[in-house]
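*Asks:* below are the sequence and a predicted model; questions follow.
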Amino acid sequence: LDRINPTSTSAAMRVDFVAALLLSAQFGGLPAVAFAPPRSRSVGGTFGFGYSATAAASPARTTLLRPMSESAASAPFDETAYEKDRLEKDALAMDAMRDEAEAEFAKLRTPWKWTIRKRIWDLLEAKDIARPPRPVHHRIPNFDGAAEAAEMLATLPEFRGAGCVKVNPDTPQKPVRHRVLSDGKTLLTPQPRLRTGFFSILRKDALPPDVTVSEVTVSKGVAKHGTPVGLNEEYDVDLVVVGSTAVCPKTGARVGKGEGFAELEWGILSLQGNLDADKTLVVTTVHDEQVVDDIPPGKLTKHDVPVDIIVTPTRIIRVPNRAPKPSGVFWDLLSPQKLAQIRVLQQLKKETEERMGVELPSGPDEVLPPTAQRKGRRKKSSKTGSESGQGG
C-alpha cells in the first residue's frame, strides 16, 4: 500500500512489522523490511502516512540477513516477550510517523483548524454518525440527520422570507437544496470547487416536465438543467447556507474542509454586489457533534466567514456574539496555487486590474490540503464536461 487509511493503519502496518520482527528474531539480524519515512499528502485532517517495504532501502539502515545459529534454532519462542517487543516497536513507529505528519501540518496556514477537522472526522466515523460518501475525511462530512436538519432550517423565518438562496454543493446540504427548490425559491449553487465555472441558478418552475427536483440536487443535474451564471450578472442573494466540519455556537466561527471555497464565493459575491456582507445571513446545517467550543477566539483569518445561525437535527442556535464578516476578495491572501485552480478568479483579477489600472497583490505560496478520494472513475457529462458526483 502506498498510502494507508487512518482507520486501518495500525492493523495494516502490524502485518509487515510482525513479519519484520519475526525475521529479526529468527535470524538474529536487523529486519530486511525497512520503513521509509512517511510520504506527505500535504497533510490535512487525515494523516497521509506513506509506507514502503524494501530489502535495500538504505545500506546504513538495513542489514542483510545472517544465517540462523544452532542456539537460535533450538531456543523456544517466547510469545509474551515477543508481543511486548512488537507493541513497543509499533508504538515507536507510529510516534515517528505522527511527528512527521505534524511537521507537515505546520506548513499550512492554520494548523489548528486541521487538528479540529481530524478530530471531528474521526469522531463521526467512530460513532457511525458519518454517512456516504465515506470516509468523510477531507470533505464537508455527510451525517445522520441531514434531512432533519434541512427540515429544521425550513422553519426559520429568514428561510421562509428568502427568494434566492445560495447553497453549497456538498452532500449533507442536498436536502437543503431540495427544500429550496420544492418551496419555489431560486437556488444558487456553485460548481464543485469552481472547476468548470462559477454558479448555476435553478427554479422548480423552469425544469422540464420530466425532470424531478431530486435530479437537480446533485452536480450532474445542476450541470445539465441549471442556468449558468456569469461573473458580472445582476441578482441578489437573500440567504447563504454553508456546510461545515465544525462550528462554534458562541462566535459562529466555522471550520470547513480546508479548501476555502465558501470564503472565496462569499468574497466574489460581495465584491460584485450580489450580496450585502453586513446584512446577508449565513446558516450552516451540521450534526450536534460538530458543534464545538474549542475554536480559539481571535484566530480566524480576515477572510473567514462566520455563521449567524447553526441548525442541527435537534436544535436551532442563534449565535449571540458573531465574529465580523469580511467583504470582497483578499488578493494578498490568495496564493498563486489557489489562483491557478480557479478560472473565475483569474478572470475577476484581470478585470479588476484593468478597471483600476493597477496590479493587484498576490498571496504567499501555500501547501494546498489534500482532497477527498472517490472510488472508481467519475464519468463526465458529454454536454458540459463536468464531473459527476458531489463536491465535498
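*Replies:* Looks like it came in fine.
*Asks:* what is the least confident helix or strand in the chain?
*Replies:* helix 9-27 (a mean of 42; mean pLDDT, DSSP states H and E).
*Asks:* my guess is I310 is in a strand, correct?
*Replies:* Yes: checked against DSSP: H, G, I helix; E, B strand; the rest coil, I310 lies within a strand.
*Asks:* show me what it is bridged to.
*Replies:* Beta-bridge pairing of I310 under DSSP bridges involves T284, I317.
*Asks:* give me the pLDDT for it.
*Replies:* Looking at I310, its pLDDT stands at 98.
*Asks:* next one: L348
*Replies:* 94.
*Asks:* so which bits of the helix or strand where it lies are buried?
*Replies:* Here L348 is covered by helix 343-356, with elements defined by DSSP states H and E. Applying a neighbour-count criterion of 16 or more other CB atoms under 10 Å, one finds V344, L345, L348, K349 buried in helix 343-356. Glycine gets a C-beta too; all of them are placed from N, C-alpha and C.
*Asks:* distance between the ends of stretch 208-217?
*Replies:* 15 Å (CA to CA, to the nearest Å).
*Asks:* just stretch 169-176 next, same as before
*Replies:* Start-to-end, stretch 169-176 (CA to CA) is 10 Å.
*Asks:* now it: buried residues?
*Replies:* P169, D170, T171, P172, Q173, K174, P175, V176.
*Asks:* so which of these sit within helices?
*Replies:* K174, P175, V176 (DSSP state H).
*Asks:* go through those and say which is closest to P132.
*Replies:* K174 (11.3 Å; CB to CB).
*Asks:* now that closest one: closest residue in space, sequence neighbours ignored.
*Replies:* T217 (5.0 Å; CB to CB, 6 or more residues apart in numbering).
*Asks:* also D293?
*Replies:* D293 sits nearest to C248 (CB to CB, 6+ apart), 6.6 Å away.
*Asks:* now do S335
*Replies:* S335 sits nearest to E366 (CB to CB, 6+ apart), 4.2 Å away.
*Asks:* what's the answer for R318, then?
*Replies:* In space, R318 is closest to I309, 5.6 Å off (CB to CB, 6+ apart).
*Asks:* look up how far F330 lies from the one you found.
*Replies:* 25 Å (CB to CB, to the nearest Å).
*Asks:* between these two, who's got more neighbours?
*Replies:* A direct count of neighbours by other CB atoms under 10 Å for I309 and F330 places I309 higher, at 21 against 16.
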